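> Make a model of this:
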Amino acid sequence: MRLLLRLKSIKDTAYENLYHRKFQGFVYSLLYDTDYHSLHDKSGYKFFCFSNIFPIGDIKEEDKRNLLLSSPDEKQIDVMESKLNSINGKNINIGEMSFQLMGVSRIKPRIENGSRLVSATPIVIRIPERNYKKYGIDSDKKYIYWRPEYAFEVFVRQLEENLFKKYNEFHKTNIEEFPVFEQFIFKKTVVNHILEDNREIKVIGSVWEFAFSHLAKEQKQILEFGIDAGFGERNPLGFGFMNVVR
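Just a heads-up that it's a prediction; the model follows:
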């Protein structure tokens, strides 16, 4: 499930690329004093993701923009929707960007036969040191980001492993992995920067399109969960947000 936030700019400003932590902080502020108030301190997966502020580009006063916020946890969506409705018409700041919240809508994307999934934000896949030998990687780092110089199968394996781990933790199940993807179209590598402990950190991701001709029920369940939770890693910072295109 996802929420569409409709925004109107209240001043001219440059589009801020380092907004990830700032919007994440806004999400946590929505959850303050609710059953999800401790989510910020939870280790592991947090089960929410968000899109870029779109359309991307420098912002003029009264420009209309949008942002999508998603989670597989419908109760959490209910809480965030209620909090957003309570501040509808008020101003919110995302870093240096300032907007008036003009409305909130609920959206439930569904994937069908013939659908495509398109990366709205880069998918981040980190290969841990323990897997280097399996993939024939030589590095002295604790982890490396997947890039096209590494085997395509590494991306697929790590992506599916991450998806099933999140699904099983969220649903408290123990489903064994099976292939969920059919066609992969690599678009490009993207280098983003995030602020972490007041330091600018480089994050390497990639943009993809996934196409499906036929989907079994089990595939749809896993993929629709991933659409809500985000693909790959660092989803609570807005990475791995996917859109369904029919």
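> Only C-alpha atoms from now on, for both contacts and neighbour counts.
Noted.
> element containing the residue nearest to Asn174 when sequence neighbours are not counted?
Leaving aside its sequence neighbours, Asn174 sits nearest to Asn168 (Cα to Cα, 6 or more residues apart in numbering; 5.6 Å). Counting by DSSP states H and E, the element that carries Asn168 is helix 152-171.
> from memory the residue nearest to Asn174 sits against Ile175, does it?
Yes - if you go by Cα atoms under 8 Å, Asn168 and Ile175 touch, sitting 6.6 Å apart.
> With neighbour numbers in mind, choose between these two.
In this view Asn168 and Ile175 are compared by other Cα atoms under 10 Å, and Asn168 has more residues nearby, 14 against 11.
> show me where this protein has strands.
2-9, 49-50, 64-70, 91-94, 97-107, 116-119, 126-128, 143-145, 183-196, 199-211, 242-245 (DSSP state E).
> can you redo those strands as TSV with mean pLDDT?
Below are the strands of the chain laid out as TSV (pLDDT from 0 to 100):
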stretch	mean pLDDT
strand 2-9	98
strand 49-50	97
strand 64-70	97
strand 91-94	93
strand 97-107	96
strand 116-119	96
strand 126-128	91
strand 143-145	93
strand 183-196	91
strand 199-211	93
strand 242-245	94
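> Which one, of the ones you listed, ends up nearest to Gly230?
When the strands of the chain are compared by Cα to Cα, strand 49-50 sits nearest Gly230, at 5.8 Å.
> Now do the closest one: which elements does it pack against?
Packing partners of strand 49-50 (3 or more Cα pairs under 8 Å, 6 or more residues apart in numbering; DSSP states H and E): strand 64-70.
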